[in-house]
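Return atomic coordinates for the entry below.
(2 chains)
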Amino acid sequence: GAVVSQHPSRVICKSGTSVKIECRSLDFQATTMFWYRQFPKKSLMLMATSNEGSKATYEQGVEKDKFLINHASLTLSTLTVTSAHPEDSSFYICSAREAFGELFFGEGSRLTVL
Amino acid sequence: QKEVEQDPGPLSVPEGAIVSLNCTYSNSAFQYFMWYRQYSRKGPELLMYTYSSGNKEDGRFTAQVDKSSKYISLFIRDSQPSDSATYLCAMSVGAGSYQLTFGKGTKLSVIP
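Numbering: from 1, shown residues only, chains lettered A, B, ... in the order given. Down below sits the predicted model:
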């Protein structure tokens, strides 16, 4: 079946640095990709929706300049956490779908900001 | 009141037991209901997808939807240690909608 790959799976960085997380659809063209954040014992929270070739749509309360999302091709979306701080430490998950197809999730990326 | 309520557990059961996982919701516009399984440090994977009220069965898993009560359930028969994971309910207004609203997830442990 379709696979969505996320990289890196774990990243540790110093406060103030930027971190990029990649999300790739491996065997289908993802017209839409989504980025979520998951805190322990909390729901998956949709951060933003990205459509290939256009600007991402951010959910209310998500800082656009903090979480930069790029969807440059039908198989790749990136999330860059800029000037990361300890409160940005979390589990970030992407998902992708073909037009009206099933939603597939990536494996997630655990970010730890020291 | 949160849109989707799900008891986070943890829930521990012996191997072979029947497991019942539940979610309640408040938004009557939700029409599509999903159950995802998430192993530790992994992304969620879709288990069941239902639309109408009633039951849907797939192997050891049965999804039940009661729209009148705004209540959905996932039953796991003959539970196995490999079923140990966090189970998240999710729901949406439209079939093609990306606006999935998730429950918090229930952590299940099946003890051998």
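
what residues does chain A put near chain B?
Neighbours of chain B within chain A, by C-beta under 8 Å from any C-beta of the partner chain: A:4, A:6, A:9, A:32, A:34, A:41-44, A:46, A:49, A:91, A:93, A:95, A:97, A:99-100, A:102-108, A:110. For glycine as for every other residue, the C-beta is placed from the backbone atoms N, C-alpha and C.

What subset of those is buried?
A:4, A:6, A:32, A:34, A:43-44, A:46, A:49, A:91, A:93, A:95, A:97, A:103-108 (16 or more other C-beta atoms under 10 Å in any protein chain shown).

where does chain A dip in pLDDT?
Along chain A, the model assigns pLDDT under 70 to residues A:1-2, A:100.

Against chain A, how distant is B:T106?
Distance of B:T106 to chain A, given as C-beta to the nearest C-beta, to the nearest Å: 10 Å.

thought that residue was touching B:Q6?
Yes - with contact defined as C-beta atoms under 8 Å, B:T106 and B:Q6 form a contacting pair (5.9 Å).

Identify the contacts common to these two.
Contact criterion C-beta atoms under 8 Å, 6 or more residues apart in numbering or on different chains; residues shared by B:T106 and B:Q6: B:21, B:88.

how about the nearest residue to A:S18 once chain neighbours are set aside, what does it touch?
Computed as C-beta to C-beta, 6 or more residues apart in numbering or on different chains, the closest residue to A:S18 that is not its neighbour in sequence is A:T82, at 4.8 Å. Residues near A:T82 by C-beta under 8 Å, 6+ apart: A:18, A:65-68.

among the residues you listed, which two are most distant?
Among the contacts of A:T82, the pair separated by the greatest distance (C-beta to C-beta) is A:S18 and A:D65, at 11.6 Å.

For the two, indicate the residue with more neighbours.
Shown here are A:S18 and A:D65; by other C-beta atoms under 10 Å in any protein chain shown, A:S18 has more neighbours (11 against 7).
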